[in-house]
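Participant: sequence-free structure coming up:
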């Protein structure tokens, strides 16, 4: 089951990236979460035909990847893997919107293609911001940030438990699937009946494990609080990070910087 | 397939985020009040179970394609609506954060589409009515099938509406609906079958799990909530869809005025209080005439057409319009809010 193993690997690797010690990782997680949200809102608030206005926003992922020592190739691959979600909706635009919007020399480009490019650009920006948030912060810290920002405690705990048990249970599911594959001589596909029995077995083992794990946690003194090695303090640099980036996003939203730059350069040459 | 950020506008994303956040807080509160403590690790484990089960694809015979479990209904049946909603929300959050399966801004929309409809609509109004108290094999099957199908239809329709209101994708409403609803009907049937199979299995082998949900659901006291929810839904549906079927012919008053003076609306004087109030109304009304604001040129053309006595084409009916739907839905919501506020205020006043 390549799917399950690669999923496990993906989550694990993203979390190990979060254990690094870089200036990005030392920032307060609340600030990183909020900045990411402001970034996404800014990117998404452009009109549907905007392309050049979106390009300056690339600076945010680029800077964070550099400062946080994150692997750009790996992140690019993940973005590519997730791309079909936006691609298959966006591809309707060129088919439906054929009115010519702009001429690039001899080529006439319809509005549909422009909006499609805009969609893919938005997608890349927002998705990479999301991955950078996790790789630069780690799920524990993100959950603590959510908790401090007002999310209900049971939801945050649920996220943490879920994350923990994904590893446990994908392991189980992997074992079940491998056992079945070995016993069926790699039989193609999985009949419906076998599938439901397997799901049922998985469910029952899950329920048993839940009770054992909960008792174990209670015995070790679990009381509902999330603990991090680094306590949460808001430093000046966190505030500067948030205000600085938000200000920049606002500036890039209202002034099309790539346009301005292009005009500046062409004026210099004239 | 969950909605991506690239296809959403901040307005739609923000609204759905607010709705989802409200629901999450509400569910957490209800959970704290009613459920016993050991439900929390069970929720985490079941969430991971749904996450893992979603990765197991099975082949659908005779089509050569494969499908996978959605999970909303199973969670609602085994955990109750509040815990089920929280678990679904957490699964979608992890998927969005680690796999970009759905954007962060769109997370509100996705949680609403995939969590609210199965847990708060399909489960209490369909599954519990059919199979709640006396779960027999047949009833579980019927209940699971119906609730899964309807829950998925509602969720798919939610996606269509949210994409439409964002205005980034070019897909027109009619074709998008015709695309989404049948596919999700097929998916719903499969999900219903899987849910029924899993729930029957659990009921045979471990029946006390099914009573867990009953224990954590709200006590059967006399509650107005189902009625309120039903009314709110009807208002939404009426505002959203029935508004298109509103007749485009002038209403009684306008018709009489037209018969008398030849125009549908009397011109008020532009000066004095009338003028000030009219210009104020024009500035404030963001959905004039129950539709999106038309740009100035179009408005003047329309006025000319009216004067010529509709020499041009008749307005099509039903007048499918996103603006009208938005106007209808917003109007319904605002009306409900106003009514609720008035009712609340009155209660406070008389309770003294």
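Facilitator: Nice, thanks for sending it over. Model, not experiment: these values are computed from the prediction.

Participant: which residues sit in contact with residue A:57?
Facilitator: In this structure, residue A:57 makes contact with A:39, A:42-43, A:125, A:249, A:252, judged by C-beta atoms under 8 Å, 6 or more residues apart in numbering or on different chains. (C-beta placed from N, C-alpha, C; glycine too.)

Participant: So for residue B:312, what's the pLDDT?
Facilitator: In the prediction, the pLDDT value recorded for residue B:312 is 37.

Participant: Enumerate the positions of stretch A:66-74 that are buried.
Facilitator: A:68, A:70 (16 or more other C-beta atoms under 10 Å in any protein chain shown).

Participant: Need the distance between the two termini of it.
Facilitator: Between the start and the finish of stretch A:66-74 there is a gap of 14 Å, counting by C-alpha to C-alpha, to the nearest Å.

Participant: So what touches that stretch?
Facilitator: The list of residues contacting stretch A:66-74 from outside it, by C-beta under 8 Å, 6+ apart, reads A:13, A:17, A:20, A:22-25, A:64-65, A:132, A:135-136.

Participant: Top of those residues by number of neighbours, please.
Facilitator: Neighbours were tallied for each of those (criterion: other C-beta atoms under 10 Å in any protein chain shown), and the maximum of 27 neighbours falls on residue A:135.

Participant: so that residue is in which element?
Facilitator: Secondary structure assigned from DSSP states H and E places residue A:135 in helix A:111-137.

Participant: re the thing from before, mind checking which of the contacts of residue A:57 land in helices?
Facilitator: When helices are assigned by DSSP state H, the members of the contacts of residue A:57 inside them are A:39, A:42-43, A:125, A:249, A:252.

Participant: which of those lies closest to residue A:222?
Facilitator: Relative to residue A:222, the closest of the ones in helices among the contacts of residue A:57 is residue A:39; by C-beta to C-beta it sits at 35.1 Å.

Participant: give the contact list for the closest one.
Facilitator: By C-beta under 8 Å, 6+ apart, the contact list for residue A:39 reads A:57, A:60, A:125-126, A:129, A:245, A:249.

Participant: hmm, try it at 7 Å
Facilitator: Under the criterion of C-beta atoms under 7 Å, 6 or more residues apart in numbering or on different chains, the contact list for residue A:39 reads A:60, A:129, A:249.

Participant: Please apply the same query to residue A:198.
Facilitator: Taking C-beta under 7 Å, 6+ apart as the definition, contacts of residue A:198 comprise A:176, A:180.

Participant: So it belongs to a helix, correct?
Facilitator: Yes - with the criterion set as DSSP: H, G, I helix; E, B strand; the rest coil, the secondary structure at residue A:198 is a helix.

Participant: Neighbour-wise, which one of the contacts of residue A:57 leads?
Facilitator: Using other C-beta under 10 Å as the neighbour definition, those reach their maximum at residue A:43, which records 27 neighbours.

Participant: Not counting its neighbours along the chain, what's nearest that residue?
Facilitator: Ranked by C-beta to C-beta, 6 or more residues apart in numbering or on different chains and with sequence neighbours excluded, the top spatial neighbour of residue A:43 is residue A:125, at 5.0 Å.

Participant: In chain B, which residue sits closest to chain A?
Facilitator: Checking chain B residue by residue against chain A with C-beta to the nearest C-beta singles out residue B:44 as nearest, at 2.4 Å.

Participant: count of residues packed around that residue?
Facilitator: By other C-beta under 10 Å, the burial measure for residue B:44, its neighbour count, is 26.

Participant: can you count the residues close to residue A:56?
Facilitator: Burial measure for residue A:56: 20 neighbouring residues, criterion other C-beta under 10 Å.

Participant: who touches it in this structure?
Facilitator: The neighbours of residue A:56, taking C-beta under 7 Å, 6+ apart as the test, are A:252, A:257-258.

Participant: Could you rerun that using 10 Å?
Facilitator: Shown here is residue A:56, whose contacts under the criterion C-beta atoms under 10 Å, 6 or more residues apart in numbering or on different chains are A:248-249, A:251-253, A:255-261.

Participant: Derive a ChimeraX selection command for the buried subset of the residues you listed.
Facilitator: One line in ChimeraX is enough to select the buried ones among the contacts of residue A:56; burial here means 16+ other C-beta under 10 Å:
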select /A:248,249,252,253,256,257
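
Participant: so can I have TSV of the contacts of residue A:56 showing distance to residue B:171?
Facilitator: Formatted as TSV, the entries for the contacts of residue A:56 read as follows, by distance: C-beta to C-beta, whole Å:
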residue	distance to residue B:171
A:248	33
A:249	29
A:251	33
A:252	29
A:253	26
A:255	32
A:256	27
A:257	31
A:258	29
A:259	29
A:260	34
A:261	34
